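Asker: Requesting a structural model of the entry that follows:
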Amino acid sequence: MPRVERTIIIAAPVDRVYQWWARMENVARVMPHIRKVQRTGPFTTHWEADGPNGQVVEWDATIVQDLPQRQLAWESRGGPVPNRADLDFESLEGGRTRMKI
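Answerer: All right, here's what the predicted structure looks like:
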């Protein structure tokens, strides 16, 4: 599985940034190829994304790490798109947040 890493600084306090990402449905707002993320349980979600040739691909994911305002991670469970995301949150001066994806 390819590994992609990015670090961004967000002009918002860490608690707000963490809460936004913890609401997994928001992922579709920032990743254009993700059509929808739907919560299916306290730690599970169902994903729909644009696939090749106009097809829609779907998979389920589970939250595997949840340390409020510090770390959030999820990984796919079956399906055609094996993936995992790890988000690390760090509070910065001035009410900003460093987020490493």
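
Asker: Quick one: mean pLDDT for whichever helix in the chain runs longest?
Answerer: Using DSSP state H, we find that the single longest helix of the chain is helix 14-22. Regarding helix 14-22, the rounded mean pLDDT is 98.

Asker: what do you get for stretch 39-56?
Answerer: 95.

Asker: Show the end-to-end separation of stretch 69-84, please.
Answerer: Counting by Cα to Cα, to the nearest Å, you get 19 Å between the two ends of stretch 69-84.

Asker: hmm, who's touching it?
Answerer: Applying Cβ atoms under 8 Å, 6 or more residues apart in numbering, the contact partners of stretch 69-84 are 1, 14-15, 18, 21-22, 24, 44-45, 47, 49, 51, 57-66, 85-89, 91. All C-beta atoms are positioned from the backbone trio N, CA, C, and that covers glycine.

Asker: Might you quantify the distance of it from its chain's geometric centre?
Answerer: How far stretch 69-84 lies from its chain's middle: 8 Å, per Cα atoms, centre = their mean, to the nearest Å.

Asker: I'd guessed His33 sits against Ala49; true?
Answerer: Yes - look at His33 against Ala49 with Cβ atoms under 8 Å: they come within range, at 5.3 Å.

Asker: These two - which one has more neighbours?
Answerer: Ala49 (21 against 9; other Cβ atoms under 10 Å).

Asker: Rounded mean pLDDT for the helix or strand following the longest helix of the chain, please.
Answerer: Once the chain leaves helix 14-22, the next helix or strand it forms, by DSSP states H and E, is helix 27-30. Mean pLDDT, computed over helix 27-30, is 94.
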